[in-house]
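Colleague: need coordinates for the following:
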Amino acid sequence: MTGKPTPRETALAALYILLQTLPATALRGDVLPERVPTTGLLILRDGEPGEPEVTLSPLRYHFQHRAEIEAVVQGADRDAAFDTLCASIGATITADRTLGGLCDWVEAEAPRPVDLAVEGAAALKAAAITVVLHYTTADPLG
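Modeller: Got it, this is the predicted structure:
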């Protein structure tokens, strides 16, 4: 059965399209590849919609969906590259806080970066960046 995408999927797809405008390679729901592109890697994870606030008359479900962007860079200058990548994510989200009117508000939380050793290769610097998508639906499943 095909039909109109849900507000949840529409918002996540819009966030993914937004990430594709950045110089890093953007993926959605994929596993970390063996090689990280020199420009960096972003993997969008659908995350959790959480418990909605409910209003009546008309019935509406107000979600604060917590998606995650895994940001990964590799190489000798990974600290500066990671900082640049995170700043570009923030600037891109700030430029369109409603994802073209699909959300009431979109905001990113500060990353908690970690350095990861890779045997036989340059270390990785990575973090999961939570992005909160505020949107409203008429049905929690639709």
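
Colleague: so who does the most centrally placed residue in the chain touch?
Modeller: The centroid of the chain falls nearest to Ile69 when counting by Cα atoms, centre = their mean (3.7 Å). Residues near Ile69 by Cβ atoms under 8 Å, 6 or more residues apart in numbering: Leu19, Leu42, Ile43, Leu44, Arg45, Ile89, Ala108, Ala128, Ile129, Val131. Every residue, glycine included, has its C-beta placed from N, CA and C.

Colleague: secondary structure element holding the fourth one?
Modeller: According to DSSP states H and E, Leu44 maps onto strand 41-48.

Colleague: just Pro140 next, same as before
Modeller: Counting by DSSP H and E, no helix or strand carries Pro140.

Colleague: please name the nearest non-neighbouring residue to it.
Modeller: Spatial nearest neighbour of Pro140, excluding adjacent residues (Cβ to Cβ, 6 or more residues apart in numbering): Tyr61 at 5.0 Å.

Colleague: thinking again about what came up before, tell me the one among the contacts of Ile69 nearest to Gly120.
Modeller: Gly120 lies nearest to Ile43 out of the contacts of Ile69, by Cβ to Cβ, at 22.5 Å.

Colleague: look up how far Ala110 lies from Cys103.
Modeller: Cys103 sits 20 Å away from Ala110, going by Cβ to Cβ, to the nearest Å.

Colleague: for the two, indicate the residue with more neighbours.
Modeller: Cys103 (23 against 10; other Cβ atoms under 10 Å).

Colleague: and the next helix or strand past the helix or strand hosting Asp83?
Modeller: Assigning secondary structure by DSSP H and E places Asp83 in helix 78-95. Moving toward the C-terminus from helix 78-95, the next helix or strand (DSSP H and E) is strand 105-108.
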